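>>> Build me a model from this:
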Amino acid sequence: MTFNWDLVWSSFGPIIGGAVTGTIPLTLASFAIGLALALLVALLRLSPNRLLSAVARFYVSVIRGTPLLVQLFVIFYGLPSIGVKLEPWPSAIIAFSLNVGGYAAEVIRAAILSVPKGQWEAGHTIGMSRPQTLVRIILPQAARVSVPPLSNTFISLVKDTSLASLILVTELFRNAQQIAAFSQEFMILYLESALVYWVICLVLSTGQSALERRLDRYVAH
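As a prediction, this is how the structure comes out:
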């Protein structure tokens, strides 16, 4: 097989463009919404109200117990059968956000539980209410603990966004598919897209390591 370098160089721009205009915005939007949802679900899981805790536990179980691809297809292809039709981008953001929410909720819940109970008592001692103690004392400490697993979730989400190509979202892998279909050079284009994903994740992993080292300065050993 002759390696077509001209195709590699000519396709590099559209693939990078798909990452900049599709993959990265989709990842950022989905992770931000999913993280907010995860915090809410984690707090509901810790709630003394059994009904709220059960609802949150059920949500986490469904998300973690079903494939992301199925969740994506249910939202984009399934909802129209009951009269709810969504465009590709909103469908992808909803699916990815719900998925992140289910996984990150358990990370946040574990991080909150890892904070010593004495921290709650200290907050009450100085006159803080439970919500104030949570926001000012507990969550900042839990955030440091949750950085590594949440960073891994973010990096995984970057790769998972490739599934959005199956519902016609124009992103990195969708552009690679279109060029491959036109040129019939599937191996070259798919390897090139894999390389771009790898570079993005490598940069993010490096940033994660730097952030962890920075946060580690403020943790007593």
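>>> which residues touch G17?
Taking CB atoms under 8 Å, 6 or more residues apart in numbering, we find G17 in contact with N175. All C-beta spots, glycine's among them, are computed from the backbone N, C-alpha and C.
>>> And V62, by the same measure?
Going by CB under 8 Å, 6+ apart, V62 touches G102.
>>> then the helix or strand hosting it to CSV, C-alphas only?
With elements taken from DSSP states H and E, the one containing V62 is helix 50-65. Taking Å, rounded to 0.1, in the frame of the first residue of the first chain, the C-alpha atoms of helix 50-65 are listed here in CSV:
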residue,chain,number,x,y,z
ARG,A,50,-35.0,8.5,51.3
LEU,A,51,-37.1,9.3,48.3
LEU,A,52,-34.7,11.9,46.9
SER,A,53,-31.8,9.5,47.6
ALA,A,54,-33.6,6.7,45.9
VAL,A,55,-34.3,8.8,42.8
ALA,A,56,-30.7,9.8,42.5
ARG,A,57,-29.5,6.3,43.0
PHE,A,58,-31.8,5.1,40.3
TYR,A,59,-30.5,7.7,37.9
VAL,A,60,-26.9,6.7,38.5
SER,A,61,-27.8,3.0,38.1
VAL,A,62,-29.5,3.6,34.8
ILE,A,63,-26.7,5.8,33.4
ARG,A,64,-23.9,3.5,34.6
GLY,A,65,-25.8,0.3,33.6
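>>> what sits up against stretch 191-205?
Contacts of stretch 191-205 (CB under 8 Å, 6+ apart): 8, 11-12, 15-16, 19, 23-24, 151, 154-155, 158-159, 162, 172-173, 176.
>>> For I82, give its distance to V169.
Going from I82 to V169 by CB to CB, to the nearest Å gives 22 Å.
>>> Settle it for me: which of these two has more neighbours?
V169 (24 against 7; other CB atoms under 10 Å).
>>> list the buried ones in stretch 107-120?
Residues 107-109, 111-112, 115, 120 are the ones in stretch 107-120 that count as buried (16 or more other CB atoms under 10 Å).
>>> Could you list the residues in contact with it?
Contacts for stretch 107-120 (CB under 8 Å, 6+ apart): 38-39, 42, 45-46, 130, 133, 137-139, 141-143, 145-146, 149-150, 153.
>>> how about the helices of this protein, start to end?
Along the chain, counting by DSSP state H, helices occupy 5-18, 24-45, 50-65, 68-73, 88-114, 117-125, 130-133, 139-160, 172-183, 186-216.
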